[in-house]
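A.B. asks: Predicted structure and sequence below. I'll ask about it afterward.
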Amino acid sequence: MKNIFHIYSADIRRIVRNWAAAVIIGGLAILPSLYAWFNIEASWDPYGQTSGVSIAVANLDKGTTLRGQPINLGKEIVESLHHNEKLGWRFTEDSENAIQGVRRGTDYAAIVIPENFSARIGTVLTNEPVKAQILYYTNEKINAISPKVTAQGASAVVEEISKNFIKTANGTIFEIFNTLGIEIENQLPAINKVRSLLFRLEKSFPELNEAVSTAQQDIKLANRLVEQADAALPRLEGIATDGKEMAGALAEFANQAAGASKSLEPALRQDLEVLGAATGALSQVLDALGQKGIDPKELASRLNAAQERAETATQAAARLGQLFKRLGSISPAAASAAVKLEDIAARWTSAQAVLRTIAQAVERGDEAPADSIDKLKKLTDDITGLTDALLSRYDSEIGPAISKAFTKGSDTAKRVQQELNQALASVPDIQRLLQDARKGLKVGGEEVQLAQNRLPEAELRITQLANRLREMEAEGDIQEIIDLLQNNFELESQFFAEPVTLEENRLYPIPNYGSAMSPFFTTLSLWVGALLLVSLLSVDVHDEERSFRSIEVYFGRYLTFLTIALFQALFVTLGDIYLLGTYVVNPGWFILFALLISCVFMLIVYTLVSVFGNVGKAMAIVLLVLQLAGAGGTFPIQMTPPFFQALHPYLPFTYAISMMREAVGGILWDIVIRDMLLMLVFAAIALVIGIALKKPINRASSGLIRKAKASKLIH
């Protein structure tokens, strides 16, 4: 032990007495800090400086008219981008200018709005809607990150357009439904009057036939009946005329409803997909419950968030169920879907209760009940299965059935209109028949017989018209259609535009990217500092007066390297906090963790060089390269290739960066203790290698080292 401290004290004296050595070693203590500081400052807030990223925008949209109103969505997009300062928008008059800017590298990307953009969106109210397109160009050779930034900007533009269009289009559709429902309700008394008179006339034909058949026996009775029929005929003609107008209005409504249903069908499917995606919140809670050592506060926060998501999903499922239930009056497939949605809503309600039970247990400090976890898993599977089954049936069965029901109503209304036209065309014939009957009564039995032969034809036409009206009523009650159409179209439009909202909760907020990257760059600078020390300072002791054992040289010289490494850690951490203003929740622990990490890193690198010489330096550099990719310092380790994911748990950087992140964002001591223990394991491995292998390997490689030095190329 005495010789170890003799080596250490002699090194310190040499540094203090030799100003050149002191300057060099002082530079070695500060130099790693510059490596960290420059990188942290350069990446301080890269995503907050995107206003300088130029994106060319060319609007070629010529506009269109929608329901008689002129629209130009391309112009509206450009106007909204003028108020968007997240990216550097450059507006051009033609697409070639925009694309040329991307090709030459003056613009990172280009967005071209085609001339038929508004026209394509306007096809939503036609029988063959066509999706609109926005052309996006990017030059990926300029920079690796810029395509991701510009693509996010382009996606935000498309998302905003889609959201506003869904809200506007659905609002228009539901407003049409509401207007038609009010119009039909206002005409309902006249429709019922036509129906009642038509059925009464149908019932009177047996009496009329009986009267004609007995006309030969009682001419006076026949005259009275003919006079009654003649008096009723003008009313029948008026009824048929009113019925024709009502049938035309009903046919027009049915056509508009059938067209609107084509826009309603994809909107309903999108709402079902969003409802299915809500189960992700339950899966996240189950994952958190399966993790060992998770912070109770974090678990409680996730449970609260999941309860809110479950409540939102319950409301969304119930609302969709009510809508499908209303559609069920004209489509049995929609009624079946309403039952499924009620079942989904009930299971979401059960999920809320289970989440509440688990949250209460966590708040008491108890473990989550196993039966509640099992029940939550089953509910998650049930909800997923029911939602997936509903989606799988929607495209092939439910959606087409809704559209078919509206189309069928349109066809029925057209048939009624045709029959009423035919009935009106038959009125002159009926009038002629009654006139003939009257003449027949005057001239005698022969004319009565003629009238008796013509009456069945008139009866057949009235009966056919009445039967057609009964068929239409059997296909759907008109009052149910009125109730379905009348709604608050503004609230319905807002709901379908955004049925589910996302509330973000930041558990460990870090205000800027530079602070978030400080654990990685600080850890990296400590390893680089250790490499600089072993590259410029000797790990061997050259003392001509005394000889030392291998173990004494190993520990004695390590103390010198350790002292400089500790100064490196102090400089870099104090500079991070007070020079750069890096955000750190626990500054004291941030410094102490860096000191511990520097001790371990220095021991590892020093041991490799002390035992293996120049080969050890190469080994330390290889370790640095592997840890840059395999420690998860920049990208999540799950995004790296399988080789680095397998290597991840065995790298010192993994646990060093983890400790520093805890100090920056907020400490969870179970994670810190785990990281400390594993860092000590790495230190112990280095000590074992240094103590057990230094002497035999140094002795075995002495000849090789002398030969290498003789080349005067290798020191």
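C.D. replies: Cool, got the structure. Numbering: from 1, shown residues only.
A.B. asks: For A334, grab the count of nearby residues.
C.D. replies: Neighbourhood size, A334 [other Cβ atoms under 10 Å]: 21. Bear in mind the C-beta positions are built from the backbone N, C-alpha and C, glycine included.
A.B. asks: Let me know whether it touches F324 as I believe.
C.D. replies: Yes. Using Cβ atoms under 8 Å as the test, A334 is close enough to F324 to be in contact (4.8 Å).
A.B. asks: how is the chain carved up into domains?
C.D. replies: 2-44+512-710, 53-169, 187-257+275-497 (automatic domain parsing).
A.B. asks: What residues of stretch 620-629 count as buried?
C.D. replies: 620, 623-624, 626-629 (16 or more other Cβ atoms under 10 Å).
A.B. asks: go on, stretch 591-608?
C.D. replies: Those would be 591, 593-594, 596-608, for stretch 591-608 by 16+ other Cβ under 10 Å.
A.B. asks: what's the least confident stretch among the domains of the chain?
C.D. replies: Lowest mean pLDDT of the domains of the chain: domain 187-257+275-497, a mean of 69.
A.B. asks: Which of the three states applies to E85?
C.D. replies: E85 carries the three-state label coil when classified by DSSP: H, G, I helix; E, B strand; the rest coil.
A.B. asks: quick one on the thing from earlier: taking the buried residues of stretch 620-629 one by one, which sit in helices?
C.D. replies: 620, 623-624, 626-629 (DSSP state H).
A.B. asks: Identify, from the residues you listed, the entry nearest to D381.
C.D. replies: A629 (37.8 Å; Cβ to Cβ).
A.B. asks: Check whether that closest one really touches I637, as I assumed.
C.D. replies: No. Counting by Cβ under 8 Å, A629 sits too far from I637 to count as a contact (9.5 Å).
A.B. asks: what's the overlap in contacts for these two?
C.D. replies: Common contacts of A629 and I637, defined by Cβ atoms under 8 Å, 6 or more residues apart in numbering, comprise F644.
A.B. asks: buried residues in the strand or helix carrying W348?
C.D. replies: Assigned by DSSP states H and E, W348 falls within helix 332-363. Across helix 332-363, burial judged by 16+ other Cβ under 10 Å covers 333-338, 340-345, 347-352, 354-355, 357-359, 362.
A.B. asks: So which elements touch the helix or strand just after that helix?
C.D. replies: Next along the chain after helix 332-363, taking DSSP H and E as the criterion, comes helix 370-393. The contact analysis (3 or more Cβ pairs under 8 Å, 6 or more residues apart in numbering; DSSP states H and E) places helix 370-393 against helix 219-277, helix 280-290, helix 332-363.
A.B. asks: Buried by neighbour count: which residues of helix 370-393 qualify?
C.D. replies: 372-373, 375-376, 379-380, 382-383, 386-387, 390, 393.
A.B. asks: Just send those back as a markdown table, with distance to P509 too.
C.D. replies: Formatted as a markdown table, the buried residues of helix 370-393 follow (distance: Cβ to Cβ, whole Å):
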| residue | distance to P509 |
| --- | --- |
| S372 | 31 |
| I373 | 30 |
| K375 | 34 |
| L376 | 29 |
| L379 | 32 |
| T380 | 29 |
| D382 | 36 |
| I383 | 32 |
| L386 | 37 |
| T387 | 33 |
| L390 | 38 |
| R393 | 43 |
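A.B. asks: M679: which of those is nearest?
C.D. replies: I373 (34.3 Å).
A.B. asks: Am I right that that closest one is in contact with V285?
C.D. replies: No. Here I373 does not reach V285: they are 9.3 Å apart, not a contact under Cβ under 8 Å.
A.B. asks: Between the two, which contacts overlap?
C.D. replies: I358.
A.B. asks: So A56 belongs to a strand, correct?
C.D. replies: Yes. Counting by three-state DSSP, A56 is found in a strand.
A.B. asks: Tell me the spatial nearest neighbour of it, not counting adjacent residues.
C.D. replies: Leaving aside its chain neighbours, A56 sits nearest to A98 (3.7 Å; criterion: Cβ to Cβ, 6 or more residues apart in numbering).
A.B. asks: residue contacts, that neighbour?
C.D. replies: 56-58, 90, 92, 107, 110-112, 137.
A.B. asks: could those residues be laid out in TSV, adding neighbour count?
C.D. replies: Compiled in TSV, these are given as follows (neighbours: other Cβ atoms under 10 Å):
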residue	neighbour count
A56	24
V57	22
A58	24
R90	16
T92	18
D107	26
A110	27
I111	24
V112	23
Y137	19
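A.B. asks: Sitting in strands, which of these do you find?
C.D. replies: 56-58, 90, 92, 110-112, 137 (DSSP state E).
A.B. asks: Out of those, the closest to N39 would be?
C.D. replies: R90 (30.9 Å).
A.B. asks: Excluding chain neighbours, what is closest to the closest one?
C.D. replies: A56 (4.9 Å).
A.B. asks: which residues touch the one you found?
C.D. replies: Contacts of A56 (Cβ under 8 Å, 6+ apart): 90-92, 97-99, 101-102, 107, 109-111.
A.B. asks: Try it again at 10 Å.
C.D. replies: When the contact criterion is Cβ atoms under 10 Å, 6 or more residues apart in numbering, the partners of A56 are 88-92, 95, 97-102, 106-112, 137.
A.B. asks: do V285 as well
C.D. replies: 299, 302-303, 305-307, 309-310, 351, 354-355, 358-359, 368, 373, 376, 380.
A.B. asks: what separates it from L677, distance-wise?
C.D. replies: 30 Å (Cβ to Cβ, to the nearest Å).
A.B. asks: same deal with F643?
C.D. replies: In terms of Cβ to Cβ, F643 sits 26 Å off from L677.
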